[in-house]
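K.L.:
Have a look at this prediction, sequence included:
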Amino acid sequence: MKFAHFAHVWGKAGMTPAQRYEQLWKELEAADATGFDYGFCVEHHFSPRESWMTSPSLYTVAAGARTKRIRLGGMGHVVPLHHPVRLVEDITMADQMLGGRVEVGLVAGIVNSYFTPFAADFANRRDIVQEFVGFLKTAYKADGAFDFQGATIQQKALTLSIPGAQRPHPPLWLESRDIPTLEFCAREGLNTGYFIFFPRTEAKPRYETYLANWRKHGWSGTPNIAYSTVVYVDETDEKALSIALADASRAYKGIFTDSDDPDEIRASQERFGAFFESRGEPSAAEIVRNLLDPDYLMEKDLILIGSPDTVAKKLRRWASEGMFNTFFGEFNFGNLPEDNLLRSINLFGREVIPALRDFEPF
């Protein structure tokens with residue numbers, strides 16, 4: 001298995017953004033020193049009480065300056081919000097600055113409110129992402145000037161000032177549980193994954209099909225299939241639960257609303273639930289409606305809190321039942337004190353990762 005430090009970079013009461021970023025670098029330094037494979041961040045906008053990360057490229061370069069071996073990237077760049085040439089240039093420059101340690105995560109975006117201020121195309125966002133994959137691959141493979149003619153990207157005799165460091169291109173990711181998108185990922189050789197919202201037992205058949213299609217298209221090796229949720233590790237289960245359970249139940253509150261009013265929070269959860277129901281995902285709707293309930297999270301086994309042994313055993317079982325071989329751990333959530341946060345990362349890296357490193361779920 002492989003392991004990532006995953007960060008929404010939640011805004012923190014009593015901290016400035018600058019202080020929050022300094023804390024983030026401490027987290028990544030600890031992850032780098034203790035054997036994590038990856039460090040990833042989101043791209044979120046216009047949510048000052050939720051995420052303070054609007055630029056994966058800046059994250060990648062700043063994190064790269066503070067680490068030595070961990071691979072870094074956005075998970076992911078919201079492609080339709082960017083000019084494709086600008087985004088390719090940012091990726092190739094970061095790739096060179098990090099000496100080829102860049103991973104490229106791409107997403108279509110799910111929140112329309114991000115798109116309006118950018119005058120970006122929400123309706124065609126999935127098509128835009130898929131075309132960008134071809135553009136990025138073409139740009140990386142080019143030796144000098146290249147052409148690209150697509151539905152939304154047209155370039156002729158384009159020459160990048162800074163070529164990418166990795167050939168033919170960096171590892172590419174497109175996290176999705178959408179069946180047509182997973183078919184695209186398998187065809188194009190993209191890693192993928194899913195989030196706490198999608199039940200693991202329901203996810204497994206989709207990713208089994210994705211893996212079969214990956215092999216059918218002739219890709220070598222095994223793709224990364226990721227799963228992400230919050231994680232806290234401490235010396236004992238009792239200590240871990242007493243410190244982190246309440247914060248884990250508040251971890252994703254910012255996704256729903258900036259308000260602290262219980263009625264508004266519940267109304268937002270209901271709206272998200274209705275959205276998932278409209279997608280034909282009633283189980284995801286149920287999770288969203290209960291995501292802030294600690295008893296529900298424990299009963300449904302949706303969060304990782306415990307001793308290193310407990311967390312390793314759970315992850316081993318989860319990986320098999322949910323068809324994933326890469327874990328994206330969200331370590332910094334709620335109001336966890338920094339000492340506890342760093343202890344959790346260090347225990348995970350030093351005790352959980354070695355226990356699972358040679359485990360192959362599929």
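P.N.:
Happy to help now that I have it.
K.L.:
how deep is the residue lying closest to T67 once chain neighbours are set aside tucked in, by neighbour count?
P.N.:
Computed as Cβ to Cβ, 6 or more residues apart in numbering, the closest residue to T67 that is not its neighbour in sequence is D32, at 4.0 Å. C-beta here means a position set from N, CA and C on the backbone, and glycine is covered the same way. The local packing of D32 (other Cβ atoms under 10 Å) involves 20 other residues.
K.L.:
Contacts for stretch 83-96, please.
P.N.:
For stretch 83-96, contacts defined as Cβ atoms under 8 Å, 6 or more residues apart in numbering pick out 57, 60-61, 64, 77, 79, 101-102, 104, 132, 135-136, 139-140, 152-153, 155, 158, 160-166, 170.
K.L.:
hmm, try it at 6 Å
P.N.:
The contact list for stretch 83-96, computed with Cβ atoms under 6 Å, 6 or more residues apart in numbering, reads 57, 60-61, 102, 104, 132, 135-136, 139, 153, 162, 164-165.
K.L.:
What strand or helix carries Y194?
P.N.:
Following DSSP states H and E, one finds Y194 within strand 192-195.
K.L.:
List the neighbouring strands of that strand plus their orientation.
P.N.:
Applying DSSP bridges, strand 192-195 is found paired with strand 225-233 (parallel).
K.L.:
mean confidence score for the strand it pairs with?
P.N.:
For strand 225-233, the mean per-residue pLDDT is 98.
K.L.:
Please list the residues outside that strand that contact it.
P.N.:
6, 192-193, 195-196, 207, 240, 244, 248, 251, 303-305, 308, 311, 322, 324-326, 328-330, 333, 344, 347-348.
K.L.:
Which residues does the strand holding Y194 contact?
P.N.:
174-177, 185, 203, 225-226, 228.
K.L.:
tell me the two of these that are most distant?
P.N.:
The span of these, defined through Cβ to Cβ, is set by C185 and S228 at 16.5 Å.
K.L.:
So the two - more neighbours on which side?
P.N.:
Neighbours per residue, other Cβ under 10 Å: of C185 and S228, the larger number sits with C185, 26 against 22.
K.L.:
so what's the more buried one closest to, chain neighbours aside?
P.N.:
With sequence-adjacent residues excluded and distances taken as Cβ to Cβ, 6+ apart, C185 is closest to T192, at 4.8 Å.
K.L.:
For that neighbour, name its beta-bridge partners.
P.N.:
On the basis of DSSP bridges, T192 is bridged to I225.
K.L.:
any idea how far G100 is from it?
P.N.:
As judged by Cβ to Cβ, to the nearest Å, T192 and G100 stand 22 Å apart.
K.L.:
what about the two, which has more around it?
P.N.:
Legend: neighbour count by other Cβ under 10 Å for T192 and G100, higher for T192 (27 against 12).
K.L.:
and the gap between the more buried one and E299?
P.N.:
According to Cβ to Cβ, T192 stands 28 Å off from E299.
K.L.:
Using CSV, write down the CA coordinates of stretch 307-325.
P.N.:
Provided in CSV are the C-alpha atoms of stretch 307-325 (Å, rounded to 0.1, in the frame of the first residue of the first chain):
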residue,chain,number,x,y,z
SER,A,307,-3.8,3.0,18.4
PRO,A,308,-1.3,2.2,15.6
ASP,A,309,-2.3,-1.5,15.8
THR,A,310,-6.1,-0.7,15.6
VAL,A,311,-5.6,1.7,12.7
ALA,A,312,-3.4,-0.7,10.7
LYS,A,313,-5.9,-3.6,11.2
LYS,A,314,-8.8,-1.4,10.1
LEU,A,315,-7.0,-0.1,7.1
ARG,A,316,-6.1,-3.6,6.0
ARG,A,317,-9.8,-4.7,6.2
TRP,A,318,-11.0,-1.5,4.6
ALA,A,319,-8.7,-1.7,1.6
SER,A,320,-9.9,-5.2,0.8
GLU,A,321,-13.6,-4.4,1.2
GLY,A,322,-13.3,-1.0,-0.6
MET,A,323,-10.9,-1.9,-3.4
PHE,A,324,-8.2,0.7,-2.7
ASN,A,325,-4.4,0.4,-2.4
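K.L.:
quick one, helices of the stretch 151-300 of the chain?
P.N.:
Counting by DSSP state H, counting those that start in this stretch, the stretch 151-300 of the chain has helices at residues 179-188, 200-216, 237-248, 253-256, 262-278, 282-289, 294-299.
K.L.:
who's in contact with the shortest one?
P.N.:
What that stands for is helix 253-256. Identification of contacts with helix 253-256 by Cβ under 6 Å, 6+ apart yields 49-50, 265, 268-269, 292.
K.L.:
Selecting buried members of those in PyMOL, what would you type?
P.N.:
PyMOL command restricting those to the buried ones, with burial defined by 16 or more other Cβ atoms under 10 Å:
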select buried, resi 50+268+269+292
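K.L.:
just the contacts of helix 253-256: which has the poorest pLDDT?
P.N.:
R49 (86).
K.L.:
before we move on, the earlier item: assess the claim that the residue nearest to T67 and A65 are in contact.
P.N.:
No. Between D32 and A65 there is no contact under Cβ atoms under 6 Å: 11.6 Å.
K.L.:
one step back: please list the members of the contacts of stretch 83-96 that lie in strands.
P.N.:
V104 (DSSP state E).
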